[in-house]
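Peer 1: coordinates only, no sequence provided:
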Ligand SMILES: [Zn+2]
């Protein structure tokens, strides 16, 4: 079985404006890194458009319609100071969520062993009824609900190693005992959520905040003693990774000091758990990462491990 890469050229047409860190060059850097010879075994598929039915499992239908209605016909429209849309943003957001839906189909059907979705806009800050933090729709959450509705994969765990807390995924997951949200993130940092005391209504949110300047030892300690045991105990039917690479030491938006090796190690450990509990089914989706070279090399390290999981 393959590792499948889902992406779409429309994700490059989401234009956030001059100088915005969440830019199309991020995706170009990721795709270039996955074009090298060692990735020739990656199966490549175009991301479909997510449907309204798929999106409205994670967000109210009126909210989805409201976001899509805000997409400007020219120039830019801002949802907030950070979250900007251009004429191409609507299709990009639908392809980003659609990639995760298609990736879930691919791993649930046994076509793919696992999948990586190289998409933007990212999703983990998008709450049930609020787009924010560069994110329009919560791609990972849309995928989790699709796994349940279309494939009967009832228990879905999300592991989010983006340097920012995924307030959106936590907001959507926290009242459902069959959904687990786990996060390592720098704290304090945007968006300000993710305290270790935020546990969800059923103990189904597991937050491991890390102080600024933390590096490999602190990250691996949190993974080993908090995150991995929680996923092991939960016994998911599907594991989704919110793969942000902005905890990399070279990232300009935050102050953690992870290396490519740390992302590879975490991927390996998550792969071990996926093999134990869910037939190795992993769907990984790109979140943040704002130093283009670090983003490219860390993503390559992550996908390399997925290919050998
Ligand atoms: Zn981030």
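Peer 2: Nice, I can see it. Since we're looking at a predicted model, the values are computed, not measured.
Peer 1: and the closest residue to the ion within the stretch 151-300 of the chain, what is it in contact with?
Peer 2: At 2.8 Å from the ion, residue 288 is the closest residue in the stretch 151-300 of the chain, using C-beta to the ion. The C-beta positions use only the backbone N, C-alpha and C, and glycine is treated the same way. Counting by C-beta atoms under 8 Å, 6 or more residues apart in numbering, residue 288 makes contact with 22, 122, 134, 162, 163, 164, 244, 245, 246, 253.
Peer 1: quick one, what contacts the fourth one?
Peer 2: With contact set as C-beta under 8 Å, 6+ apart, residue 162 has these partners: 124, 183, 185, 242, 243, 244, 245, 246, 247, 287, 288.
Peer 1: ok, the first one next?
Peer 2: The neighbourhood of residue 22, defined by C-beta under 8 Å, 6+ apart, consists of 16, 120, 121, 122, 134, 288, 290.
Peer 1: change it to 6 Å
Peer 2: With contact taken as C-beta atoms under 6 Å, 6 or more residues apart in numbering, residue 22 is in contact with 16, 134.
Peer 1: quick one: what helix or strand has it in it?
Peer 2: Using DSSP states H and E, residue 22 sits within no helix or strand.
Peer 1: cool, the one 5 residues further on as well?
Peer 2: Residue 27 is located in helix 24-33, with elements delineated by DSSP H and E.
Peer 1: ok, and what's touching the helix or strand harbouring residue 220?
Peer 2: For residue 220, the host element (DSSP H and E) is helix 216-222. Helix 216-222 has contacts (C-beta under 6 Å, 6+ apart) with 184, 208, 210, 258, 262.
Peer 1: which residues does the first one bridge with?
Peer 2: So the one you mean is residue 184. According to DSSP bridges, the residues that bridge with residue 184 are residue 208.
Peer 1: any idea how far it is from residue 158?
Peer 2: 12 Å (C-beta to C-beta, to the nearest Å).
Peer 1: for the last one, same thing?
Peer 2: Distance of residue 262 to residue 158, given as C-beta to C-beta: 19 Å.
Peer 1: and if you look at the fourth one?
Peer 2: Distance from residue 258 to residue 158, counting by C-beta to C-beta: 19 Å.
Peer 1: and the helix holding residue 27 with the ion, contact?
Peer 2: No. Judged by C-beta under 5 Å from the ion, helix 24-33 makes no contact with the ion; its nearest approach is 11.4 Å.
Peer 1: avg pLDDT for that helix?
Peer 2: The average of the pLDDT scores along helix 24-33 is 98.
Peer 1: with stretch 65-77 instead?
Peer 2: Mean predicted lDDT for stretch 65-77 stands at 98.
Peer 1: and for it, what's in contact with it?
Peer 2: 17, 84, 85, 86, 89, 90, 131, 136.
Peer 1: tell me where the protein has helices.
Peer 2: Using DSSP state H, the helices assigned to the chain run over residues 24-33, 52-55, 61-69, 89-108, 139-151, 167-173, 216-222, 228-234, 260-277, 292-308.
Peer 1: next, format those as TSV and append mean neighbour count.
Peer 2: Listed next are the helices of the chain as TSV, based on neighbours: other C-beta atoms under 10 Å:
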stretch	mean neighbour count
helix 24-33	18
helix 52-55	18
helix 61-69	16
helix 89-108	27
helix 139-151	26
helix 167-173	27
helix 216-222	17
helix 228-234	17
helix 260-277	19
helix 292-308	20
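Peer 1: any chance of these in TSV, plus distance to residue 2?
Peer 2: Formatted as TSV, these follow (distance: least, C-beta to C-beta, whole Å):
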stretch	distance to residue 2
helix 24-33	17
helix 52-55	23
helix 61-69	31
helix 89-108	8
helix 139-151	18
helix 167-173	26
helix 216-222	29
helix 228-234	24
helix 260-277	15
helix 292-308	9
